[in-house]
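Peer 1: whatever this is, show me its structure:
(chains A, B, C and D)
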There are 2 protein chains.
Amino acid sequence: MKKSSLYKGCLEPILLRLLKDNGRMYGYQMTQMVKEITKGELSITEGALYPLLHKLEEQGIVETETEMNGNRMRKYYSLTKSGKKQTSLAMEEMKAFMQSLEFIVNPKTAIG
Amino acid sequence: MKKSSLYKGCLEPILLRLLKDNGRMYGYQMTQMVKEITKGELSITEGALYPLLHKLEEQGIVETETEMNGNRMRKYYSLTKSGKKQTSLAMEEMKAFMQSLEFIVNPKTAIG
DNA sequence: TTTTATGCATAATTTTCTTATGTATTTGGA
DNA sequence: TCCAAATACATAAGAAAATTATGCATAAAA
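Peer 2: Predicted coordinates for the structure are as follows:
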C-alpha cells in the first residue's frame, strides 16, 4: 500500500476480495489490478504483498500453483474452501467498518 | 480501535474529523462519541488514543486546555489554525481512500 | 461496599507496513 | 543494439501504529 500510506490492515481483505472475484491470480497481477481499479490511488508494495500471501498460505486460506509463462514463473493463488468462508466473514467486517467510517466522515449522508 | 482491529492508520483522521465537527473535546469524550456514532462497532483504546493526541500536540496540530470538572481533570483538545488546514487535507485523502475501497469491495455500485 | 464509569497516562509487545535489496527474464524505446 | 522499464518472484531491516497490560485517582451506581 502506498500513496498516503493510510489504513494499515486493509491489504488482507483487499487481496481476499480480489481472489473471491477473480478466482485465481498471481501476485504481480494483484498489484496491477488494484492500481487499475483505484485509478492509481492505491498501489501495493511487494514488501507487503508477498509476505502476506505466504502467511495466508500457511494459514490454509489460499493455495498455490506455480506455472511457467515462457521462462518466467507465475505463482497462482486461489482461495481454499476454508478461505472462502473466511473471506465472507472478512467482507462483512470490512463493510461494517466502511459504514462506520462513513458515519464519522459523512454523518449527514451516511445511511444506516 | 478495537473490534476486528482492522485498518490501523484511520485513528488520526477520525480524531481530526471529530475535532473539526465538535470544536473542542477531551479524550474520553472522543472514545464515547465514536462508540455512539458507530453504534458500538468501533471503540478507541486508550493506549492508542493518548499517545496520538500527544503527538498531534507536539506537531502543533492541536492545542490543549486543562480544566477541572469537580475534582476530575479534563484535558480539552482543539485544532490549531495549522491543524485545520492539515485536517482538510486529511479529509480529502480519507475520502479518496474510501472511494478506492468502494471500487474494490463494491465494483458495481461504486460511483467514480 | 464493591464494581463500573470517568479521566488521564505510559511501557512492552505485536502487527503491518515501507524501504531497500537481490535475482532473473522480457519488452520497448533511443 | 543497448539500456531502461516492465514483469515476476523473494527477503531483511526498520518504522509506524496499533493492542494489551498496567498504573493512578475520583464519582456514581448496584
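Peer 1: contacts, neighbours, all on C-alpha from now
Peer 2: OK.
Peer 1: which helix in chain A has the most residues?
Peer 2: If you go by DSSP state H, chain A has its longest helix at helix A:81-105.
Peer 1: so which strand or helix has residue A:73?
Peer 2: Applying DSSP states H and E as the criterion places residue A:73 in strand A:72-79.
Peer 1: and what of residue A:55?
Peer 2: According to DSSP H and E, residue A:55 maps onto helix A:46-58.
Peer 1: packing partners for that helix?
Peer 2: Judged by 3 or more C-alpha pairs under 8 Å, 6 or more residues apart in numbering or on different chains; DSSP states H and E, the packing partners of helix A:46-58 are strand A:62-69.
Peer 1: quick one on the thing from earlier: what about the strand holding residue A:73 and DNA strand C, touching?
Peer 2: Yes: using C-alpha under 7 Å from any atom of the strand, strand A:72-79 reaches DNA strand C at residue A:72.
Peer 1: re the thing from before, for the helix holding residue A:55, list the C-alpha coordinates in CSV.
Peer 2: Taking C-alpha atoms only, helix A:46-58 is exported to CSV below (Å, rounded to 0.1, in the frame of the first residue of the first chain):
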residue,chain,number,x,y,z
GLU,A,46,5.9,-6.1,-2.9
GLY,A,47,7.4,-6.0,0.6
ALA,A,48,3.8,-6.1,1.9
LEU,A,49,2.3,-8.3,-0.7
TYR,A,50,4.5,-11.4,-0.8
PRO,A,51,4.9,-12.0,2.9
LEU,A,52,1.2,-11.6,3.4
LEU,A,53,0.4,-14.1,0.6
HIS,A,54,2.8,-16.5,2.3
LYS,A,55,1.1,-16.1,5.6
LEU,A,56,-2.3,-16.7,4.0
GLU,A,57,-0.9,-19.9,2.5
GLU,A,58,0.5,-21.1,5.8
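Peer 1: what's the spacing between the residue minimising distance to the centre of chain A and residue A:56?
Peer 2: Compute the mean C-alpha point of chain A, and by C-alpha atoms, centre = their mean the closest residue is residue A:15, 1.5 Å away. From residue A:15 across to residue A:56, the span is 10 Å (C-alpha to C-alpha, to the nearest Å).
Peer 1: all set, thanks.
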